[in-house]
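Engineer: okay, sequence plus prediction incoming.
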Amino acid sequence: LAFAVVLVAARRAPDRSLTQGADACWFQDKPTDLSKIASPPDSASIAMGDGVVKVCYGSPRVKGRPIMGKLVPYGAPWRMGANEATAIHVPFRARIAGVDVEPGWYSIYAIPNEKQWQIVVNSDAQRWGIPIDAKVRAKDVGTGRAAAEHTAKPVENLTISLKATSPTLATMTIEWSDTR
């Protein structure tokens, strides 16, 4: 059960967005001391083609709690992190979890189940992560699927990583608690 989101560079037309560049993650509050935040902001990025793909997210901690199927209920939308919506920037046309997108920022969320998750790409990247209601879902671009698997060791901090598998293909891996 692998939980991965695949990004495929379809064309190398760079995003010239002036509202939020690939180097910047949007956070509602600008805390001065990140050590005081229970779920601090984090990000992962990877160079692909002529640009950089970047994902921004809040990184919650397990803290002894049951996570998948409990804190994160199966069958319900989940922001794949904490605080603001998890967001991804692609500087070129791409495919995120099988969903074709134009250059720019998108939020991504999941509808997890024990063995397979729906990965939803949404056009509203600058929003609080919850609720994921009808107003948010009206901006969904598309939905893909990814298999989930158990990790060999527990992962305390939610972690998102990007790994190149070819010059035009990267895999996004999300790990938390006992799930990847």
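Structural biologist: Nice, thanks for sending it over.
Engineer: contacts, neighbours, all on C-alpha from now
Structural biologist: Fine.
Engineer: per-residue confidence at Q20?
Structural biologist: For Q20, the model assigns a pLDDT of 46.
Engineer: please disregard the earlier target; I meant F92.
Structural biologist: So F92 comes in at 89 (pLDDT).
Engineer: what sits up against stretch 76-91?
Structural biologist: For stretch 76-91, the external contacting residues (C-alpha atoms under 8 Å, 6 or more residues apart in numbering) are 12-16, 22, 27-28, 39, 51-60, 72, 102-112, 125-130, 132, 158.
Engineer: quick check: L169 vs F92, distance?
Structural biologist: According to C-alpha to C-alpha, to the nearest Å, L169 and F92 sit 13 Å apart.
Engineer: so which of the two has more stuff around it?
Structural biologist: Each of L169 and F92 has its neighbours counted (other C-alpha atoms under 10 Å); F92 has more, 25 against 17.
Engineer: how close does the residue lying closest to D140 once chain neighbours are set aside get to V90?
Structural biologist: Closest residue in space to D140, ignoring its immediate chain neighbours: N122 at 4.1 Å, by C-alpha to C-alpha, 6 or more residues apart in numbering. Distance, N122 to V90, by C-alpha to C-alpha: 13 Å.
Engineer: and those two? Which one has more around it.
Structural biologist: V90 (26 against 23).
Engineer: how close does the more buried one get to W117?
Structural biologist: Distance from V90 to W117, counting by C-alpha to C-alpha: 22 Å.
Engineer: next: I111.
Structural biologist: The value you get for I111 to W117, if C-alpha to C-alpha is used, is 6 Å.
Engineer: just R93 next, same as before
Structural biologist: 24 Å.
Engineer: got it, and I96?
Structural biologist: 14 Å.
Engineer: neighbour-wise, which of those two wins?
Structural biologist: Per other C-alpha under 10 Å, whichever of I96 and W117 has more neighbours is I96, with 26 against 20.
Engineer: show residues contacting the longest strand along the chain.
Structural biologist: The longest strand of the chain (DSSP state E) is strand 150-166. Identification of contacts with strand 150-166 by C-alpha under 8 Å, 6+ apart yields 1, 43-46, 55, 59-63, 81, 170-180.
Engineer: skipping adjacent residues, who's closest to C25 in space?
Structural biologist: Nearest non-adjacent residue to C25 (C-alpha to C-alpha, 6+ apart): C56, at 5.8 Å.
Engineer: return the residues in contact with that neighbour.
Structural biologist: The neighbours of C56, taking C-alpha under 8 Å, 6+ apart as the test, are 25-26, 41-44, 86-88.
Engineer: thank you kindly, that will do.
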